[in-house]
Structures are given as C-alpha cells and as structure tokens.
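*Asks:* Generate coordinates for the sequence data below:
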Amino acid sequence: MLRENQTTEFKREYTDDIKKTVIAFANTDGGKLYVGIGDDRTVTGCPNTDELSLRISNAIRDAVKPDVTMFIGYTVETIDGKEVVIVDVQRGTARPYYLAGKGIRPEGVFVRQGASTVPASEAAILALIRETGGESYETTRSLNQELTFDNASAYFQKKEVAFGESQKRTLHLISSDGMFTNLALLLSEQCPYTIKMAVFQGGQKTSFKDRREFGGALFRQLDEVYEFIDRYNSLRSEFEGLDRIDHRDYPVAAIREALLNAIIHRDYGLSPSTLISIFDDRIEFLTIGGLVKGVSLNDILLGVSALRNPKLADVFYRLHLIEAYGTGMPKIFECYRGLSVQPKIELSDNAFKITLPNTQLLSVASASSPECSKRERQVLTLLADTVFITRKEVEQHLGISQATAITLLRGMTQKHFLETEGNGRNVKYRKA
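*Replies:* Below is the predicted model of the structure:
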C-alpha cells in the first residue's frame, strides 16, 4: 500500500488544501495526489469521479498562477474496490507557482518538505525565481507583483512616449506569462533600492553638513538626486568685457553622466545603496557592482558598451536620457579636457567609483606652486573652512599691517587666486 511522502499525498475528500498541495508539487519535484484516501490510508473512494475531477481542475485553473494546468493530469483508479481520483502533477517550468489571492509571498507559495506541504521562505522563493528566470536580473519575475507606475507614466508622458500595456510588454516590464519583471519593479513606486547622499565639511568623512536618502521609482531618484547635487554645485561668475561667463564647481554634463551611470549600471541583485559623497574638493559616485565580466577599464574609457542591465538602458535610451551606449565615460573625461585635474576611476570586484574633482580649486592648486608665497598660502588656508574673509581678518591671522594686507590681497586678486565681492569698507574676498 502507498504511503505519504514527498511525492505522494492523500485526501479523503475535496478541500481547499488541494490547491496548496498542487502548488507544492509543481514547485518541488512533482507528485501524485490521491483523492478518496484518508491520512490513515483508509480507502473511502469518491462517489462521482468525473464531477470531482472537473471541480479540482476548475479550482486550480482559477486559483493558481502562473497557469499550471498543462503540467497536471487526472485519472481514476479502482483501489480496494473503490474509485479514487489521482491528480498527477509534474514539476513546472514557471516556478514559483502561487495562490493568485496571496501573491508571490510565503503565504501564497508552497513547497514539499517530506510528506508535508509548507509555505516557502522568501529565500526559497527567490531561489525558485532564479532557477526559472535565468541569470538576468531584469527579466526575472518580481517578487512583488503589486506594482504602481504613477511616476513612470508621468515621465513617459513628459517625453511624449507611449506607456500602455503593449509598451510594457515590448520594454520587458511584463513577461510572456503576464508577470511583472524586476525591470518593472525598478520603475515602480515599490522599487526597494535607494541612493544615499552625504555632504561633508572639508575633504574627509569626519564632519557632516547634510545627508539624505532617495527612494522610489528610478526616474524619481534621478530627478531628486540631481536636484540635490545641483544645490551644492556652486556658481561663480566673471566678466570678460561686457560678457558674463558662469563657471560651476563641477561640469553639469559630467555630473549627469556619472549619475546616469550609477543608476543604469549598478548591480540590482545586491541590496546595498548607491553612495554619493560631496566634499569641498570632489564628488564621489560609488556604485555597487564591478565591471561586467570580460571588460576592462581601458575598454570602458574607449567607449566599449558592456551593459549589466541592457533592458533598463534601453528604457533610458528611448526616453532620450542617454544618447548612445558607451558614450558616458568619454563624455565625462571630455568635460575635463585641458584641466590640471582629471576624473578618477577606482574598481573592486563588487564596486565601481568615479570621482569628479572640483574645477574651481584649480587656482588653489596652482597657488601651491613655487610662485605662491608663504603668506599667500596662509590666506588660502584661511579660506578652507569659510567662504569669505575680510582684510581685517587677514591682518589679525597673519599679524601684518593694514598696508601689507592690502598689497597682499590686491596681488592675489591679480593672480586670480582670489576674487572680490562688495566695495570699499564692505569688500570681501573668496577663492577664485
């Protein structure tokens, strides 16, 4: 006589638990469910096997997602003179299967453990998704299927690009089995990945000036993070004749490309946040995920396109947020062409960091040359922790006379180490 085990289950009569058992078999190694046999192996039989088979078939079709019916067969056997319905379940190819009313959560996904049907842990669910979804994070089914796209819809509308059901399928937000993918998760309000921002006083991570964490849909993160960085990207203006020329601490195009790179190329299979740190002399973009296997740093600098998330990149391309694949890094370095400071790239197995230097500190860098006097370096040191200084402050800190201070500050202004603001008694000095 048969016994209950990992691939065999007995039910005296029809109950809702039959659906859970079918899901568990399909998610594990398949199995046979005997309806008409009790847990004690007593054969009770089924009075109307055709009606029971149809009832079970309809219940499974309506309650189990994705469609598992193609992996199920129904037969009737006579055991001990009584008819028993046998539901033969094969291991499915679209795991995890789950109760439609519960979703892809432990209370909706079941597996077999010995002779028992039990809820699957989140780790087990993720393992099932990886097994059937391949290596691509983007195309794997999202663990969360209750997604909303208000931000993405508004963004597509602003760019005058359609974002209906068919477009979501074309862009691979919806898979062939009608399920939301992880790509859809990234563009939804439910996106669990964040960008952490920190602004530091000076050049070390010792004194915070500001810190924020940005979450939600990736388009929202893109806009909010850029706006935050822009607040700390100081503007300096100078005049050549009648023309006003504005200078930013950091080239806007370089910030844009570095931020897009951090969002598009990060490894979303890992949970840590992207980190962006703003110092007085630089901005660091630290992205989780090293280079794609088989690609070197020199390849990237030459413009070789090796995308970890090609479908996410395609979405950004369609929305004209990126112009072409592989142009980001060359654009960043082009922004610093001819300058004495250059962007810096650092790599590890699981991280990628690009550092953008502050272009407005070039004058300070040249001030460290032999042409810069000891007193001039002292003045520049005073400006390391403040925006403006006055002539009187220079006199006090350097212990010099008023006339000497005037001559010193006038010379530093002519050398473009300093620039002035205000007139007469109210004149102040800051780094040029």
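*Asks:* Need the contact partners of the strand or helix carrying Phe10.
*Replies:* Per DSSP states H and E, Phe10 falls inside strand 8-11. Strand 8-11 is contacted from outside by 2, 4, 17-18, 21, 25, 31-39, 41, 115, 117, using C-beta atoms under 8 Å, 6 or more residues apart in numbering. C-beta here means a position set from N, CA and C on the backbone, and glycine is covered the same way.
*Asks:* What's the ChimeraX syntax to select whichever of those residues are buried?
*Replies:* A single ChimeraX command selects the buried members of those (16 or more other C-beta atoms under 10 Å):
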select :18,21,25,31,32,33,34,35,36,37,117
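*Asks:* count of residues packed around Val89?
*Replies:* 26 (other C-beta atoms under 10 Å).
*Asks:* Give the closest residue to it in space, chain neighbours not counted.
*Replies:* With C-beta to C-beta, 6 or more residues apart in numbering as the criterion, Val89 has its nearest non-adjacent residue at 3.8 Å, and that residue is Phe25.
*Asks:* Enumerate every residue touching that neighbour.
*Replies:* Counted by C-beta under 8 Å, 6+ apart, Phe25 has contacts 7, 9, 31, 33, 89, 91, 112.
*Asks:* what pLDDT does the fifth one get?
*Replies:* Confidence per residue is given as pLDDT, and for Val89 that number is 96.
*Asks:* Same question for the second one.
*Replies:* The score at Glu9 is 95. That number is its pLDDT.
*Asks:* ok, it to Asn48 distance?
*Replies:* 21 Å (C-beta to C-beta, to the nearest Å).
*Asks:* Which one of the two is surrounded by more residues?
*Replies:* Between Glu9 and Asn48, Glu9 has the larger neighbour count (other C-beta under 10 Å), namely 26 against 11.
*Asks:* From Phe25, how far off is the more buried one?
*Replies:* 8 Å.
*Asks:* Please apply the same query to Leu33.
*Replies:* Taking C-beta to C-beta, one finds Leu33 at 7 Å from Phe25.
*Asks:* okay, and the common contacts of the two?
*Replies:* With C-beta under 8 Å, 6+ apart, Leu33 and Phe25 have common neighbours 9, 89.
*Asks:* what about the nearest residue to Ser153 once chain neighbours are set aside, neighbour count?
*Replies:* Sequence neighbours aside, Phe163 is the residue nearest to Ser153 in space, at 5.5 Å (criterion: C-beta to C-beta, 6+ apart). Neighbour count of Phe163, defined by other C-beta under 10 Å: 19.
*Asks:* what about Phe163, is that helix, strand or coil?
*Replies:* On the three-state scheme (DSSP: H, G, I helix; E, B strand; the rest coil), Phe163 is labelled coil.
*Asks:* Glu346 now?
*Replies:* strand.
*Asks:* That one contacts Lys353, correct?
*Replies:* Yes. Using C-beta atoms under 8 Å, Glu346 is in contact with Lys353, at 4.5 Å.
*Asks:* So between the two, which is more surrounded?
*Replies:* Lys353 (16 against 12).
*Asks:* host element of the more buried one?
*Replies:* With DSSP H and E as criterion, Lys353 is part of strand 351-357.
*Asks:* Contact partners for Thr139?
*Replies:* Contacts of Thr139 by C-beta under 8 Å, 6+ apart are 133, 172, 175, 181-183, 311.
*Asks:* Output the residues you listed in TSV; the columns should cover secondary structure, neighbour count and pLDDT.
*Replies:* What follows is the contacts of Thr139, written out as TSV (DSSP: H, G, I helix; E, B strand; the rest coil; neighbours: other C-beta atoms under 10 Å; pLDDT from 0 to 100):
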residue	secondary structure	neighbour count	pLDDT
Gly133	helix	20	62
His172	coil	20	94
Ser175	coil	19	88
Thr181	strand	23	93
Asn182	helix	25	94
Leu183	helix	26	96
Lys311	helix	18	93
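*Asks:* which residue is nearest the centroid of this structure?
*Replies:* Tyr193 (4.8 Å; C-alpha atoms, centre = their mean).
*Asks:* Three-state assignment for that residue, please.
*Replies:* Secondary structure state of Tyr193, per three-state DSSP, is coil.
*Asks:* From what I see, it and Ser273 are in contact.
*Replies:* Yes. Tyr193 is within contact range of Ser273, at 7.1 Å (criterion: C-beta under 8 Å).
*Asks:* Roughly how far does Thr359 sit from Val315?
*Replies:* From Thr359 to Val315 the distance is 32 Å (C-beta to C-beta).
*Asks:* Neighbour count for those two, which is higher?
*Replies:* Relative neighbour count places Val315 above the other of Thr359 and Val315, with 25 against 19, counting by other C-beta under 10 Å.
*Asks:* returning to that earlier point: look at the residue nearest to Val89 and report its pLDDT.
*Replies:* In this prediction, Phe25 carries a pLDDT score of 97.
*Asks:* The one 3 residues further on too?
*Replies:* The confidence metric pLDDT takes the value 95 at Thr28.
*Asks:* Next up, the contacts around Asp299.
*Replies:* Ala306.
*Asks:* can you list the domain ranges for the protein.
*Replies:* Annotated domains of the chain cover 8-133, 195-291+320-360, 368-431 [automatic domain parsing].
*Asks:* Columns distance to Lys158 on top of the ones you listed, output as CSV?
*Replies:* What follows is those, written out as CSV (distance: least, C-beta to C-beta, whole Å):
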stretch, distance to Lys158
domain 8-133, 31
domain 195-291+320-360, 10
domain 368-431, 36
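*Asks:* now for these, which one comes closest to Ser153?
*Replies:* Shortest distance between Ser153 and the domains of the chain, using C-beta to C-beta, is found for domain 195-291+320-360: 9.9 Å.
*Asks:* Centre of the chain to the closest one, how far?
*Replies:* From the chain centre to the centre of domain 195-291+320-360 is a distance of 16 Å (C-alpha atoms, centre = their mean, to the nearest Å).
*Asks:* Any idea how far apart the tips of it sit?
*Replies:* Domain 195-291+320-360 has an end-to-end distance of 26 Å (C-alpha to C-alpha, to the nearest Å).
*Asks:* what kind of secondary structure is Ser153 in?
*Replies:* Following three-state DSSP, Ser153 is assigned to helix.
*Asks:* count of residues packed around it?
*Replies:* 14.
*Asks:* now swap in Arg375 and tell me
*Replies:* When neighbours are defined as other C-beta under 10 Å, Arg375 has 16 of them.
*Asks:* try Glu376
*Replies:* By other C-beta under 10 Å, 19 other residues sit near Glu376.
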